[in-house]
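K.L.:
sequence unknown, structure follows:
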């Protein structure tokens with residue numbers, strides 16, 4: 001059974017998709033919505049936070065919450081800078097959809113000069129090279145390559161890579177929280193190898209995201225590249241002036 005705040009989020013999202021609230025409309029206050037759904041303000045705020053993450057509403061300080069855009073169903077906001085977006089794909093989307101993984105590769109290799117530079121390690125240092133297909137509601141949506149120093153985490157069980165959150169596992173094993181993530185997003189096209197893994201046409205549009213994730217002590221523990229279906233993901237950037 002879904003958490004109550006997820007039910008509320010889905011109810012409001014459906015109201016927006018049904019044009020009960022249109023783009024630019026101000027929606028009822030948190031106090032009014034909490035009374036309507038008979039929940040606490042804390043529960044209602046969690047629902048609104050997720051709705052804002054998904055790009056359906058925005059908060060304007062001193063004015064309230066407004067519908068920003070009706071995003072197509074089954075399109076997800078990628079790398080949107082929220083607190084969950086640095087914690088890995090599984091945890092970022094866990095309250096929105098069913099996330100699963102298919103492990104393609106798990107090898108220990110030498111880092112090489114390029115990967116070593118990203119992770120600030122020696123070129124001959126051992127790393128885990130991982131390639132996974134990530135699925136949303138059983139639909140393959142992206143391919144993720146991860147390069148993780150063996151000095152940070154000695155071993156990674158296959159079961160974690162297929163059925164659990166890799167980042168949660170790393171936090172538990174190292175006893176350190178994940179705090180920092182820097183990334184670059186590029187437009188590209190799927191080649192024959194990658195498109196075959198996702199069962200899509202070669203040449204389909206891609207959002208390629210590469211970045212380094214660090215633990216709370218500043219130690220880089222993952223250089224990752226994700227090859228995302230551009231028909232399944234969009235990017236939202238927000239800026240607030242002074």
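P.N.:
Arrived safely. None of the values given here were measured: they were computed from a predicted structure. Numbering: from 1, shown residues only.
K.L.:
tell me the SS of residue 11?
P.N.:
helix (DSSP: H, G, I helix; E, B strand; the rest coil).
K.L.:
Find the residue closest to it in space, skipping its chain neighbours.
P.N.:
Leaving aside its sequence neighbours, residue 11 sits nearest to residue 37 (CB to CB, 6 or more residues apart in numbering; 7.7 Å). In this view, the C-beta of every residue, glycine as well, is placed from N, C-alpha and C.
K.L.:
And the one you found, how far from residue 4?
P.N.:
Distance, residue 37 to residue 4, using CB to CB, to the nearest Å: 8 Å.
K.L.:
Also residue 220?
P.N.:
38 Å.
K.L.:
State the number of residues packed around the closest residue to residue 122 other than its chain neighbours.
P.N.:
The shortest distance from residue 122 to any non-neighbouring residue, by CB to CB, 6+ apart, is to residue 116 (6.1 Å). If you count neighbours by other CB atoms under 10 Å, residue 116 ends up with 19.
K.L.:
Report all helices and strands that the helix or strand containing residue 116 contacts.
P.N.:
Assigned by DSSP states H and E, residue 116 falls within helix 112-119. Secondary-structure packing of helix 112-119 (3 or more CB pairs under 8 Å, 6 or more residues apart in numbering; DSSP states H and E): strand 139-149, strand 220-229.
K.L.:
could you redo the last one with a cut-off of 10 Å?
P.N.:
Judged by 3 or more CB pairs under 10 Å, 6 or more residues apart in numbering; DSSP states H and E, the packing partners of helix 112-119 are strand 126-136, strand 139-149, strand 205-215, strand 220-229.
K.L.:
What residues are bridge-paired with residue 142?
P.N.:
residue 134, residue 228 (DSSP bridges).
K.L.:
oh sorry, the question was meant for residue 222
P.N.:
residue 213.
K.L.:
Can you classify residue 152 by secondary structure?
P.N.:
Residue 152 ends up coil, using three-state DSSP.
K.L.:
need the contact list for it.
P.N.:
119, 121, 127-128, 170, 173-174, 176, 215, 219-222 (CB atoms under 10 Å, 6 or more residues apart in numbering).
K.L.:
tell me the phi and psi of it?
P.N.:
phi -90, psi -40 (degrees, to the nearest 10).
K.L.:
Kindly report the same for the one 5 residues further on.
P.N.:
Torsion angles at residue 157 (phi, psi; degrees, to the nearest 10) stand at phi -60, psi 140.
K.L.:
That one contacts residue 169, correct?
P.N.:
Yes. Between residue 157 and residue 169 there is a contact under CB atoms under 10 Å: 8.0 Å.
K.L.:
Comparing the two, which residue is more hemmed in?
P.N.:
residue 169 (17 against 11).
K.L.:
pretty sure the more buried one belongs to a strand, no?
P.N.:
No. Per three-state DSSP, residue 169 lies outside any strand segment and is helix.
K.L.:
Got the domain ranges for the chain?
P.N.:
Structural domains assigned to the chain are 4-67, 76-234, following automatic domain parsing.
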